[in-house]
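Colleague: can you look at this prediction? I've put the sequence above it.
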Amino acid sequence: GHGLPIAVGTALGLRAQGRERPRVWVLTGDAELDEGSNHEAIAFAGPAGLEQLHTVVVDNASASHARPGGIAARFEAAGWSALTVDGRDHEALYAAFIAPHPGRPHVVVARVEPKNS
């Protein structure tokens, strides 16, 4: 549940070293966003302009706490670039991954509805 805060620290470290090209990617689940340290990382990264930071949130509706407007809205409120796509659509995922987001961290919310067996 602490991958996002660690990624924020890594992006800050790269920026402090003057390394602009490396990108930091973190994969997290929607339920992990229930952890307070993730909200602190989200709140910090946007205003800090951590453009190198990319987050993929797998949204399978397993979070305990609802967010008004959904997951993307939470990130956008903190100054992030945010896109929500079908998590099983590879072309949509790729397009979201490479979308420009100058001066802001970027999150892709990949919705994955549980399959009926």
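Modeller: Received it, and whenever you're ready, just let me know what you need.

Colleague: which residues of the chain fall in strands?
Modeller: For the chain, the strands defined by DSSP state E cover 24-29, 53-59, 81-86, 106-111.

Colleague: so which of those gets nearest residue 71?
Modeller: strand 106-111 (4.8 Å; C-beta to C-beta). C-beta: built from backbone N, CA, C; applies to glycine.

Colleague: re the thing from before, closest to residue 2 out of the strands of the chain?
Modeller: Once the strands of the chain are compared by C-beta to C-beta, strand 24-29 is nearest, at 9.7 Å.

Colleague: how much space between residue 93 and residue 79?
Modeller: 23 Å (C-beta to C-beta, to the nearest Å).

Colleague: with residue 17 instead?
Modeller: 23 Å.

Colleague: how about residue 10?
Modeller: The value you get for residue 10 to residue 79, if C-beta to C-beta is used, is 19 Å.

Colleague: same question for residue 87.
Modeller: Residue 87 is 24 Å from residue 79, by C-beta to C-beta.

Colleague: what do you get for residue 38?
Modeller: Look at residue 38 and residue 79: by C-beta to C-beta, they are 16 Å apart.

Colleague: same drill for these two, tell me which one is more crowded.
Modeller: Each of residue 38 and residue 79 has its neighbours counted (other C-beta atoms under 10 Å); residue 38 has more, 22 against 18.

Colleague: which residues does that one contact?
Modeller: 1, 2, 4, 5, 28, 32 (C-beta atoms under 8 Å, 6 or more residues apart in numbering).
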